[in-house]
Structure formats: structure tokens, C-alpha cells
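K.L.:
task: produce atomic coordinates for the following.
(4 chains)
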Protein chains: 2
Amino acid sequence: MSASERRYAPPAVAVSAVAFALGAPEGAELGDADADAGEALEGTLWLPLVRRTREPFAGVWALPGGPIPWDETLAESAERTLRATVGRSPGYLEQLYAFGDVERSGRGQRLVTIAYWALYGENDLAAQAEFPAEVENIAWFSADRLPELAFDHADIVEYALWRMRMKTEYAAVAHRFLGGTFTLAQLRRVHEAILGTEVDPANFRRQALAQGHLVDTGEVETGTRHRPAKLYRFREN
Amino acid sequence: MSASERRYAPPAVAVSAVAFALGAPEGAELGDADADAGEALEGTLWLPLVRRTREPFAGVWALPGGPIPWDETLAESAERTLRATVGRSPGYLEQLYAFGDVERSGRGQRLVTIAYWALYGENDLAAQAEFPAEVENIAWFSADRLPELAFDHADIVEYALWRMRMKTEYAAVAHRFLGGTFTLAQLRRVHEAILGTEVDPANFRRQALAQGHLVDTGEVETGTRHRPAKLYRFREN
DNA sequence: GTAATAGTGTCTATAAGACAATATATT
DNA sequence: AATATATTGTCTTATAGACACTATTAC
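P.N.:
Predicted coordinates:
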């Protein structure tokens, strides 16, 4: 198909994924030289980007993604893309929106992108990478300090952040940033990272427990220099 | 392209639209013989369907929709499809979800469908049809009593109903079912139709006015056999 | 004991809902 | 006046947030 034929061809479909984590995985390339991944645990969201090697937007950072094979569902495509980029499967994956403006892809074939929104929790990133994730052209950035992005990917990231902050949705998934058991203080810090504000510990405790989604494991934290906190886990069903 | 080539081709993209109204337009074909469109104004939602003439699912009712031309945005495609089906433009249009399971379209080419959700208000339907809407194979059905639907369109309708009932979203658009001015009782009946429950008039009034989106026109209803109600309109900005 | 955070109690402001009471038009 | 709905008032309950207070561990 020639370039001018592509110009008038029906749109192709692709997925893109905005994958949030509370920090970059061990050994990952960091996009921002000043930053320190450890610092991320103190309260900001990070996400992986891929540097494009082809036109359009060659050399510019973009969200992980690609075309959809005939035998994969949309979600499967998004997950495979993330495994290839991050080396691991995300702990949570949800469809965000379909972006398909005529001019969004520049000059080439018309492209409709189904954007997905993913979470990587502590456990998800701690596990050894399943794939020898190519480090070349992949880096993690703080959501606060993103570089210029290809296509309309900046809009997609912004929309993903907004959606995650919509309370009724994020309350049910925030725990996925954490391991199997966690203290209420840890869970609260996840909410603070998502919202970008401080949250009253007393009120947060009451609300979180009132939801009925948390189970007291009977265990407590150890190794602290103060009163140890109870450990909870998220209810299975 | 042969049938077996289509089987393994990359997915094509299409739009489908779930268009709700408080009743069928004047003269429209009604899918349910027992029903009366006038009855719809008393509190149920109606939507237009198209009977398929080709395989797969020939003869089965389906949501209005079709492939996306290279020079139309997703929303433009949805709106054009609705104009062709209903003869008029909807008063509101919003993207719903992208459906793209591998097996959803049966045996043919893989299809990814971007579903849209539309509202037709009193004014939108009262206007004379812009297009000589072909009546053949188009009918309106009560959302309560839908026939069997092609593909996974039943899931799409169910999801559209659920989304419309999510309060924070529908409060801002419910007035679009009505004309330019309306009484609070009319607006309340829209909410009752959407929610499927009764709503206290006194409390509804307070909430609706507290939003600050309604403007008192200074006019009142006429021709009632009781105290006439004030007429409001929705604030422009 | 001291430091530090976990966890509890309580008060206030706001919102939601039930329901009684009053207002005002047509007939 | 009778009727029917509009509109207002009031009370109860639930919830969110601010913030003071108590508990328990390591050191």
C-alpha cells in the first residue's frame, strides 16, 4: 500500500497503555537525571515510556503500545505490550478511552488507539522480570515531570490521572499498588500519592475499614522504632 | 480479500450508538406491538434499532452503526449514523466503551466497536426530520422490552443504562431530554425514568436548584388544572 | 522515660431523605 | 369551595472532616 493509499484507507487499530507504579523497578532506566526512584516511594507516581525509532515522531517518547493481532482481545494486547516493556504483568488493567481524531497521527494511515490504564504494585515489580526486557529506548518517568510525548499521548496520560483520582473508582484498586499485606498507613500513602494531597490518618482509617474490603490478618509490622501497626489484606471475594 | 484472509486480517473499526429518548418520534415504527409511544413519556426509555440485512446475524435487530471513514472522527461517525437512522442529530453524544473480544463478531473479519451513548430530547425529536429516514428495517423499542440483539449489543445496551444511572454523570445531562424550558416536575420525571424509581419532589427541588445550573425564566406553565409551576432553563455556560 | 506512630473519641458542618404544612392556580 | 400539584419548612439520620486524646512499641 502506497503512502497516498494509506492516507485514505480505513483506520487501523492499536492499543496504548498508561502504566502507573509508585516507583521504578530495580535497575530500570530513569528518564529524569535528577530523580531517584527510591524517592518515588515517598509519594509520586511513575510510568514507563518508549522512545520511538520510526517516523512519525522518531526519537520522541511515547506510551508503550502497538497494533492488535487478529487473535488477541484488546486487553490481551495491552498486557502483552506491557510485558514486553516492563518485563512483568501489571496487577491491574482497565480500559480508558478510544482516541481517534482524524489528525492525531500526523500524515500516515489513520489510527484509532484504545488506551488502557494499568497499575504495577510492589509485588508486581519486585518479582524478577519474566522477560529480558530490552533496556534500550525504555525509561521510567515521574508523572510530575514528563518529557514531550508523541501523538496525543500527553492528553491520554492526563486523562488517566484524572480517571484514577475519581474516588469511586480508585478506592477499589488502590491496594493493588501494595503487597499482599499492608498497614493502613501504607494504604493511606498510596491514596495520598494518587490524590496529591495529605489525608487525615484517623478519618482514613474509619473510612477504609467501613468499606468492609479489608481483613485483619492478626499479624503486626515489625522492625519499627515505634508502636507496630496491624497488617491487613484485601478481601478475596 | 477472501473469507479466510479476513479471518486473520487486522481488526476493522466501527462505531455503534445507543440512543435513548423518552419516547419514539412521531410516526416512527414501534418494535413492540403492544406498546404505545405516548406511554413512553410516562416514564420509560426508548431506543432505535436496525434490522440487519446481511450475515452474520441477518434478520436480527442491532444497534445503529457502521465502519469509520478515513476522514471522520469517531464522534462524527456516530452522529452521522444516528442522523441516517433517526433523521435528526442527537442532543448529546458521549463515548461509552470499546468492545473488541476476538469472538464477538462470529466468523468474519475481526471487528472492534467503539460504542457511543446518545440522548434525544423533546426538541430534538419534535423537529421535522432532516433526512427522509428510511422507515424500512428501523424501529424503536422500550429499553424494558428489547428483542434479541446481534453480536454483543445486549451487553452494550446494558452498560449504557448502567452508565447513565451513575449519578455524577447523568445529573449534568438529564435536562437534555427536555425542551428549552421546563418545570421541575418535568425534570424530576426524567430522573425517575432514568433511575426507574420515584423521587421526592421537595428534596429533588432543593438539590436541583442547589446545583446552580438552573435559571428561573420568570414564566410559568399554563393550561393546568392546578397551581402552575415556574419554568426554568439550563444555564448556558 | 522519650520518641514516634498507631489507634480511639468526639465535635461540627453538611448533605440526604421522610414527611408535614402552606400556596396558588383551575374548575 | 374543591382539587391537584407547586413550593416551603422542619426534623432525623448519615457522613466527612478537624482535631484532641490515649495506646504501645523500640530505644
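K.L.:
next, count neighbours for the nearest residue to A:Leu63 once chain neighbours are set aside.
P.N.:
Nearest residue to A:Leu63 in three dimensions, chain neighbours excluded: A:Ser16, at 4.2 Å (CB to CB, 6 or more residues apart in numbering or on different chains). C-betas here are computed from N, CA, C, even on glycine. Residues within reach of A:Ser16, counting by other CB atoms under 10 Å in any protein chain shown, total 22.
K.L.:
is stretch A:204-218 up against DNA strand C anywhere?
P.N.:
Yes: on the criterion CB under 7 Å from any atom of the strand, stretch A:204-218 is in touch with DNA strand C at A:Arg205.
K.L.:
buried stuff in that stretch?
P.N.:
Within stretch A:204-218, the residues that qualify as buried are A:204, A:208, A:214, counting by 16 or more other CB atoms under 10 Å in any protein chain shown.
K.L.:
tell me which of the residues you listed fall in strands.
P.N.:
Under the assignment DSSP state E, those contribute A:Leu214 to strands.
K.L.:
possible to save the buried residues of stretch A:204-218 as TSV with pLDDT?
P.N.:
Formatted as TSV, those follow (pLDDT from 0 to 100):
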residue	pLDDT
A:Phe204	96
A:Ala208	93
A:Leu214	93
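K.L.:
near DNA strand D, from the buried residues of stretch A:204-218?
P.N.:
Applying CB under 7 Å from any atom of the strand, the subset of the buried residues of stretch A:204-218 adjacent to DNA strand D is empty.
K.L.:
any chance of the buried residues of stretch A:204-218 in CSV, plus distance to B:Trp61?
P.N.:
Formatted as CSV, those follow (distance: CB to CB, whole Å):
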residue, distance to B:Trp61
A:Phe204, 49
A:Ala208, 46
A:Leu214, 45
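K.L.:
which among the buried residues of stretch A:204-218 gets closest to A:Gly91?
P.N.:
Within the buried residues of stretch A:204-218, proximity to A:Gly91 (CB to CB) peaks at A:Leu214, which comes in at 17.1 Å.
K.L.:
so that closest one touches A:Arg233, yeah?
P.N.:
Yes: A:Leu214 lies in contact with A:Arg233 (CB atoms under 8 Å); the separation is 7.4 Å.
K.L.:
and the gap between A:Asp216 and A:Gly179?
P.N.:
Remark: distance between A:Asp216 and A:Gly179 (CB to CB, to the nearest Å) = 16 Å.
K.L.:
so how many other residues sit close to the residue in chain A positioned nearest to DNA strand D?
P.N.:
Here the residue of chain A nearest DNA strand D is A:Arg227; by CB to the nearest atom of the strand that distance is 2.7 Å. A:Arg227: 7 surrounding residues under other CB under 10 Å.
K.L.:
same question for A:Leu184.
P.N.:
17.
K.L.:
and it, what does it touch?
P.N.:
Residues near A:Leu184 by CB atoms under 8 Å, 6 or more residues apart in numbering or on different chains: A:201, A:204-205, A:208, A:229-230, A:232.
K.L.:
tell me what A:Val13 is bridged to.
P.N.:
With DSSP bridges as the criterion, A:Val13 is bridged to A:Val112.
K.L.:
before we move on, what about the one 4 residues further on?
P.N.:
Each beta-bridge partner of A:Ala17 is listed here, defined by DSSP bridges: A:Tyr116.
K.L.:
give me the number of residues near it?
P.N.:
By other CB under 10 Å, 27 other residues sit near A:Ala17.
K.L.:
distance check, A:Glu94 against A:Glu79.
P.N.:
For A:Glu94, the distance to A:Glu79 (CB to CB) stands at 11 Å.
K.L.:
same check, this time on A:Phe20
P.N.:
Relative to A:Glu79, A:Phe20 is positioned 15 Å away (CB to CB).
K.L.:
please apply the same query to A:Arg54.
P.N.:
As judged by CB to CB, A:Arg54 and A:Glu79 stand 23 Å apart.
K.L.:
same thing with A:Ala19?
P.N.:
The gap separating A:Ala19 from A:Glu79 is 10 Å, by CB to CB.
K.L.:
can you pull the contacts of A:Glu221?
P.N.:
Applying CB under 8 Å, 6+ apart to A:Glu221 gives the contacts A:183, A:228-231.
K.L.:
same deal with A:Glu148?
P.N.:
Contact partners of A:Glu148, counting by CB under 8 Å, 6+ apart, are A:60-61, A:154.
K.L.:
out of these, grab the one that's most surrounded.
P.N.:
Highest neighbour count within those: A:Trp61, with 21 neighbours (other CB under 10 Å).
K.L.:
identify the bridge partners of it.
P.N.:
Beta-bridge pairing of A:Trp61 under DSSP bridges involves A:Arg51, A:Leu149.
K.L.:
was I right to think it contacts A:Asp32?
P.N.:
No: the criterion here is CB under 8 Å, and A:Trp61 misses it with A:Asp32 at 11.5 Å.
K.L.:
any common contacting residues for these two?
P.N.:
Taking CB under 8 Å, 6+ apart as the criterion, A:Trp61 and A:Asp32 both touch A:Phe141.
K.L.:
name the nearest residue to A:Ala19, sequence neighbours excluded.
P.N.:
A:Ala118 is the one closest to A:Ala19 (CB to CB, 6+ apart), at 4.1 Å.
K.L.:
so where's chain A shaky on pLDDT?
P.N.:
A:1-8, A:33-42, A:102-108, A:130-135, A:167-168 (pLDDT under 70).
K.L.:
need the residues of it near chain B, please.
P.N.:
Applying CB under 8 Å from any CB of the partner chain, one finds that chain A approaches chain B through A:7-13, A:67-74, A:95, A:97-98, A:100-102, A:110, A:112, A:114.
K.L.:
ok so, going back, for the buried residues of stretch A:204-218, which one is nearest DNA strand C?
P.N.:
Among the buried residues of stretch A:204-218, A:Phe204 lies closest to DNA strand C (CB to the nearest atom of the strand), at 9.1 Å.
K.L.:
give me phi/psi at the nearest residue to that closest one once chain neighbours are set aside?
P.N.:
What sits nearest to A:Phe204 in space, not counting adjacent residues and going by CB to CB, 6+ apart, is A:Arg188, at 4.8 Å. For A:Arg188, the backbone dihedrals are phi -60, psi -40 (criterion: degrees, to the nearest 10).
K.L.:
swap in the one 3 residues further on?
P.N.:
Dihedral angles of A:His191 (phi, psi; degrees, to the nearest 10) stand at phi -60, psi -40.
K.L.:
what segments of chain A are helices?
P.N.:
Under the criterion DSSP state H, chain A carries helices at the ranges A:3-7, A:37-40, A:74-86, A:122-126, A:153-165, A:167-170, A:184-195, A:201-210.
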